[in-house]
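Enquirer: Requesting a structural model of the entry that follows:
(chains A and B)
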Amino acid sequence: MDTLEIEHPELTSYTLYVDGNKHSEGRCDGRAEVMLPHGEIEMWINPLDKHWGILPRIRIDGFLVNTFLAGIDVYDHMLKFIFDDSFFIRYAEKNISSIMAGVPEKHRDDEQYVSKYFGLSGSNAALVKEIRSLLDAKSNLHNHT
Amino acid sequence: MRNLIFITIPELDVAIPPPAAGALRPVVTASGWDMKTVDLNLELQTELSSEEWQGLISFCELASDSLDDQLWNKIASICLKHVRSAVDDFTAILAFSIFSIYSIRIARKILPLMRGEFPELSVLCGGNALSSSIDGSSDIFGKTILELGWAHNVIYGEGEMALKAFLAGDLLHPGINVPNNQQIDDMDKLPFADYEGMHLDRYTGKRLLITGSRGCVRDCTFCDIATVWAKFRYRSADLLVEEIKRNFYETGVSRFEFTDSLINGSTKNFRRFNELLYEAKQKDPGLSGITYSGQFICKQSSNMVPEIYELMHLAGCSQITVGIESFCEHIRFHMRKKFTNADIDYHLEQCAKWAIPNVFLMIVGYPTETEADHAYTLECLRRYQRYGLMDVISYIRWGLTMHIYEDTPLSKMMGDLGIDAGIHNIRDGLYSWTSTLNPNLTLEERIRRRLEVHEVSYDLGYKMPIVGSELMSLKALAEGRS
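Expert: Residues are numbered from 1 along each chain as shown, chains lettered A, B, ... in the order given. Model prediction:
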């Protein structure tokens, strides 16, 4: 099972709710790591002296996540997000959307530019097929001679 | 004041200002000269169509053997236009930076063009490519340049000391016209890079280059870095941080890219650099947006302890480029990479923990790669998919299949590996070799494997830059050289 880790020096305790039901809770000294089931996740946090507004580092399955890309709503007292099989795919898709949003407008339709600087290249399936055909034709020629 | 026009030619990364220009400008100005930079690499990329640029790159990268006459005429016209506009009554020297073997072919065309156009000017050439040769030439390119009269002088090896001597009229300095260059031992004596007058806004990468080290701590079989820099030398961490701060304050550019073959060659100095940069950010919050990137070597976990990855995160490491080359441990050990599969796993775990994006550089079809190794590569792509989705393996680059350069350790192991260069000469950086010890690994098979890793990588969501360009070069290989 995947894990959720939160880390902040002022973190004192947490309560994890999954789909509205209390799943686990505990005290912690700056760091907590819990098993992360699928569902609607609410990780309630208590900072030292109710010093609200802290933003803990958040790791899911060991990955330090960007809360925006992870779809995590950050409240003073709680982190809220959906965790399921598609979480990592959604993260990647949102990352790509963010990358594209940052591409200068004049280059957005420039496949070479987007490929070169952002690695978003498409499958190039037709070109791959063409190269395979070339190789097959050479192979056939070689076999016949 | 006399001026020197510093000219860069393809192929270079067009996203960043040419590193040699920044490194050598302070040498030129400290010698009492003015320096203008003409980046023909950038001008050509800007003015040629995508298709024309691709044609030029395929030619430069040895993937196609000829340059269409019409295209060359256009290239010549663009080059002449920009150099003419830079030359004035005070110009005394045209200095060409010929960066790598991928610049040699186009240099052979541009240099005689410029000599003919500006017969009254002194022409000087420098760059790593001068110590290399391609296309069956038995001479290094610097010697060819002098013999054919394409330049009056050449500088071999590192330019800082030799250029200073050259501008002072000392043509007997090691490395000037004779390949007896000596590596600079004390890199702390080098001046800070200076990008004044370089129109930084034209470079889409919006980042500056910085040199932390030269040479490498490994001796990988496929790499010829040792012929350029025999020893690994590095600059002290505090100077690196000072240079970053100065360039940030002077230009406002906050992204820095190391030119090093590896930024963590000295783990101790690398750790210190990260500590100092992090401390500087704590002292001056104005520096908090500074990030750095560079090439990095995967090392044993006992060497790259977890605290260093944390410091990288805190200091602003935005990306590292890592020559993994192969997921197969036995291939990497043949390459002399000296890290295990467990080391890769550890490295990825640490990078995930601190959100450090990696660019993985890979080689398809190393001479000892079997069909089973290829299958294992595909398996690893699936195993590491989550790292790709989460941007820890931010990009993966598969290149153009294994090719063997002259002067690499591999070129000296060809007999042991049963490698036959076929109709091509080793000096071509040849792609079409075969091996009697691994007879199924023909160029066609390497291209097939290359296509397959592309497809699997794409399906798994890995981001891969310049795929279209690489596939076009593979097509040229499949058409013409297989």
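Enquirer: which parts of chain A sit against chain B?
Expert: A:59, A:61-66, A:88-89, A:91-92, A:95-96, A:111-112, A:115-124, A:127-128, A:130-132, A:134-135, A:138-139 (CB under 8 Å from any CB of the partner chain). Quick note: C-beta positions are derived from backbone N, CA and C, even for glycine.
Enquirer: just checking, which of those residues belong to helices?
Expert: Using DSSP state H, the subset of the residues of chain A next to chain B located in helices is A:88-89, A:91-92, A:95-96, A:111-112, A:115-118, A:127-128, A:130-132, A:134-135, A:138-139.
Enquirer: does residue A:22 belong to a helix or a strand, and which?
Expert: Using DSSP states H and E, residue A:22 sits in strand A:21-27.
Enquirer: now the helix or strand that comes right after that strand, how far from the centre of its chain.
Expert: Downstream of strand A:21-27, the next assigned helix or strand under DSSP H and E is strand A:31-35. Remark: strand A:31-35 is offset 18 Å from the chain centroid, using CA atoms, centre = their mean, to the nearest Å.
Enquirer: Name every strand pairing with strand A:31-35 and say which way it goes.
Expert: Take DSSP bridges as the rule and strand A:31-35 pairs in its sheet with strand A:3-7 (antiparallel).
Enquirer: Show me the contact partners of the strand it pairs with.
Expert: Contacting residues not belonging to strand A:3-7 are listed as A:14, A:16, A:30-36, A:41, A:43, A:45, A:56-62, A:79, A:83 [CB atoms under 8 Å, 6 or more residues apart in numbering or on different chains].
Enquirer: Specify the next element, helix or strand, located C-terminal of it.
Expert: strand A:11-18.
Enquirer: just checking, what packs against that following strand?
Expert: strand A:21-27, strand A:31-35, strand A:39-47 (3 or more CB pairs under 8 Å, 6 or more residues apart in numbering or on different chains; DSSP states H and E).
Enquirer: What residues sit buried inside it?
Expert: Neighbour-count burial for strand A:11-18 flags A:11-12, A:14-18 (criterion: 16 or more other CB atoms under 10 Å in any protein chain shown).
Enquirer: List every C-alpha atom in that strand, with coordinates, as CSV.
Expert: The C-alpha coordinates for strand A:11-18 follow below in CSV (Å, rounded to 0.1, in the frame of the first residue of the first chain):
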residue,chain,number,x,y,z
LEU,A,11,3.5,19.4,13.5
THR,A,12,2.2,17.8,16.8
SER,A,13,-0.6,15.4,15.8
TYR,A,14,-2.8,14.2,13.0
THR,A,15,-6.1,12.5,12.3
LEU,A,16,-6.6,10.8,9.0
TYR,A,17,-10.2,10.5,7.6
VAL,A,18,-11.0,8.4,4.5
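Enquirer: Partner strands of it, with direction?
Expert: Here strand A:11-18 is paired, per DSSP bridges, with strand A:21-27 (antiparallel), strand A:39-47 (antiparallel).
Enquirer: Tell me which of those sits most buried.
Expert: strand A:39-47 (a mean of 19; mean count of other CB atoms under 10 Å in any protein chain shown).
Enquirer: any idea of the mean pLDDT for it?
Expert: Averaging pLDDT along strand A:39-47 gives 96.
Enquirer: and what of stretch A:68-77?
Expert: 96.
Enquirer: end to end, how far does it reach?
Expert: Counting by CA to CA, to the nearest Å, you get 17 Å between the two ends of stretch A:68-77.
Enquirer: Enumerate the positions of it that are buried.
Expert: Buried residues in stretch A:68-77, counting neighbours by 16+ other CB under 10 Å, are found at A:69-70, A:72.
Enquirer: try stretch B:212-223
Expert: Buried residues in stretch B:212-223 (16+ other CB under 10 Å): B:212-218, B:220-223.
Enquirer: for it, the distance to its chain's centre please.
Expert: Offset of stretch B:212-223 from its chain centre (CA atoms, centre = their mean): 12 Å.
Enquirer: What's the end-to-end length of it?
Expert: End-to-end span of stretch B:212-223 (CA to CA): 20 Å.
Enquirer: Stretch A:96-111 too?
Expert: End to end - CA to CA - stretch A:96-111 spans 14 Å.
Enquirer: repeat for stretch B:23-37
Expert: Terminal residues of stretch B:23-37 are spaced 12 Å apart (CA to CA).
Enquirer: what does that stretch contact?
Expert: With CB under 8 Å, 6+ apart, stretch B:23-37 has contacts from B:1-8, B:18, B:21, B:86, B:90, B:159-160, B:163-164, B:167-168, B:190-198, B:211.
Enquirer: switch to 6 Å and redo it
Expert: With contact meaning CB atoms under 6 Å, 6 or more residues apart in numbering or on different chains, stretch B:23-37 is reached by B:1-6, B:21, B:86, B:159-160, B:163-164, B:167, B:191, B:193-194, B:198.
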